[in-house]
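J.: need coordinates for the below:
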Amino acid sequence: MSSKEALELAGRKNLDLAMISPNGKPPVCKIMDYGKYKYEQARKEKEARKNQKTINVKEIRLRPGIGDNDLKTKANNAIKFLKKGDKVKVELRFRGRELGHKDIGRQVMMNFIEMLSEFGEPARPPKFEGNNMVTIIDPKK
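T.: Now for the predicted structure:
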């Protein structure tokens, strides 16, 4: 069908002639209500964005000499984040002479990970990045 005939037919039906595949041989066109089509596309995109889940990473900082009650408080905050579905980045900072006692820091980190074991598991084992020991804990599904 020629483009003039198609335009005429679309005009009689009060619809639009939309080109679906302009590079095809021959080009493919469709008679449709273009405003309604654009509205449906926008609605589908909005629905897809609504169902998309964003991942937040919350950060908790510890020190090697942290007290037991302070560690429990930090663990409770991390549990809240994990329950909401957020990842938790745990950073244990060493300063000065604390760097000579990395074993104490590693023990604190392992105790902290053990406190959170019911609600999340570490994505990777704790490792040193400069003067910090870092790990990321993912929520359990």
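
J.: okay, domains of the chain per the record?
T.: Domain ranges of the chain: 3-51, 57-139, per the TED database.

J.: end to end on stretch 42-60, go ahead and measure it.
T.: End-to-end span of stretch 42-60 (C-alpha to C-alpha, to the nearest Å): 40 Å.

J.: ok, and what's touching that stretch?
T.: The contact list for stretch 42-60 (C-beta atoms under 8 Å, 6 or more residues apart in numbering) reads 74, 77-78, 81, 85-91, 136. In this view, the C-beta of every residue, glycine as well, is placed from N, C-alpha and C.

J.: just name the closest of the residues you listed to E40, please.
T.: The shortest gap between E40 and any of these belongs to G85, at 31.0 Å (C-beta to C-beta).

J.: continuing past the longest helix that the chain contains, what's the next helix or strand?
T.: Longest helix in the chain by number of residues (criterion: DSSP state H): helix 34-51. Using DSSP states H and E, the helix or strand that directly follows helix 34-51 along the chain is strand 57-62.

J.: OK, contacts around G11?
T.: By C-beta under 8 Å, 6+ apart, the contact list for G11 is empty.

J.: doesn't it belong to a helix?
T.: Yes - the assignment for G11 is a helix, going by DSSP: H, G, I helix; E, B strand; the rest coil.

J.: how close does it sit to P22?
T.: Distance, G11 to P22, by C-beta to C-beta, to the nearest Å: 21 Å.
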